[in-house]
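Q: Quick one: sequence plus predicted model below, questions after.
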Amino acid sequence: MATRTLRPISTAPRSHGWRWALLGILLGSALTLTVFAPARWLATFLRTQTQGHLLLVNPRGTVWNGTAGVVFASGAGGGDAISLPGALAWRLRPDWQGVAARLDLSCCTAEPLGLKARPAAGGVRLSLLDGRSRWPAALLAGFGAPWNTLKPEGVLDLSTRDLVLAFRGRTMAFDGQATLDATDISSSLSTLRPMGSYRVVLDGGSASSMILTTRDGSLRLSGSGRWNGTALRFSGEASAAPGREDALSNLLNIIGRRDGARSIITLG
């Protein structure tokens, strides 16, 4: 009677099956975590990257689609903070080059703002789609000195054209143009309301520049400056229109170095 040799049943297929199952679970978990990452992660990232100057409060939704309140603050531990009215709604979409964003601020944008971010040369390149927005001048007080002393009020209209910001380490370069119209500006340091309306034009490129001019009003401001990659170097002057010297004297003493009727303003 012939005998049959029994061979052990191989367990290799079952072992490989568990490995594939485990890999599938890990990949599925990573994908789920990426897609449904909570909005508070974005809030934490922005707070860290801006050193506490930009805060998203009560964030809801995900990193990719969410809403939150917006606060401009003077920095980590700073006592000055300004909340924008309404809420920010955002939508982020990744692509092969980076991330595209759509930002809708009910208080400040008639049309949503668009921007694209992508890695470049050891940093990040941020491109803003051409657009217009309107902001309360009071938000500047949230950035600390000297704005928290001036406590400006009024309206800031910002328009951009081909604006690109390139961040690398602690440096920032920019191309394109931005124009800021500050209208009916007043300050807690003067009883004169409003003091005037002004225009700031930023031109990027290898020799980035800033020009400040007065559109109208009793407080006359003018000057120019250059951005060196880490700081703005600005020289300008302020003066009062005839008959408004007394109403603006205190402000002129604070914003610069007095030189007769003028106040010399130097930054950087």
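A: Perfect, I can see it now. Numbers count the residues shown, from 1 in each chain.
Q: rest of the way, CA atoms for contacts and neighbours
A: Will do.
Q: correct me, but Trp147 touches Ala137?
A: No. Using CA atoms under 8 Å, Trp147 is not in contact with Ala137, being 9.9 Å away.
Q: Touching both of the two, which residues are there?
A: Common neighbours of Trp147 and Ala137, using CA atoms under 8 Å, 6 or more residues apart in numbering, do not exist here.
Q: Assign a three-state SS to the residue nearest to Asp162 when sequence neighbours are not counted, would you?
A: Excluding the flanking residues, the one nearest Asp162 by CA to CA, 6 or more residues apart in numbering is Gly176, at 4.7 Å. Classification of Gly176 by DSSP: H, G, I helix; E, B strand; the rest coil places it in strand.
Q: Please, where are all the helices along this protein?
A: 12-35, 39-49, 147-150, 245-255 (DSSP state H).
Q: lowest-confidence stretch among these?
A: Lowest mean pLDDT within the helices of the chain: helix 12-35, a mean of 46.
Q: mind listing what the nearest residue to Gly122 once chain neighbours are set aside touches?
A: Spatially, and ignoring its direct neighbours in sequence, Gly122 is nearest to Arg168 (6.2 Å; CA to CA, 6+ apart). Shown in contact with Arg168 (CA under 8 Å, 6+ apart): 121-124.
Q: Likewise for Val70?
A: Per CA under 8 Å, 6+ apart, neighbours of Val70: 54-57, 83-84, 87-88.
Q: How many neighbouring residues does the residue lying closest to Leu192 once chain neighbours are set aside have?
A: Excluding the flanking residues, the one nearest Leu192 by CA to CA, 6+ apart is Ala247, at 6.2 Å. Neighbour count for Ala247, taken as other CA atoms under 10 Å: 18.
Q: Tell me where the model's unsure across the stretch 101-250 of the chain.
A: Within the stretch 101-250 of the chain, no range satisfies pLDDT under 70.
Q: The same query, at a cut-off of 90, please.
A: 106-107, 109-111, 117-124, 131, 138-151, 166-174, 188-191, 204-208, 227-232 (pLDDT under 90).
Q: so how far is Arg226 from Ala37?
A: 40 Å (CA to CA, to the nearest Å).
Q: Which one's more surrounded, the two?
A: Arg226 (19 against 16).
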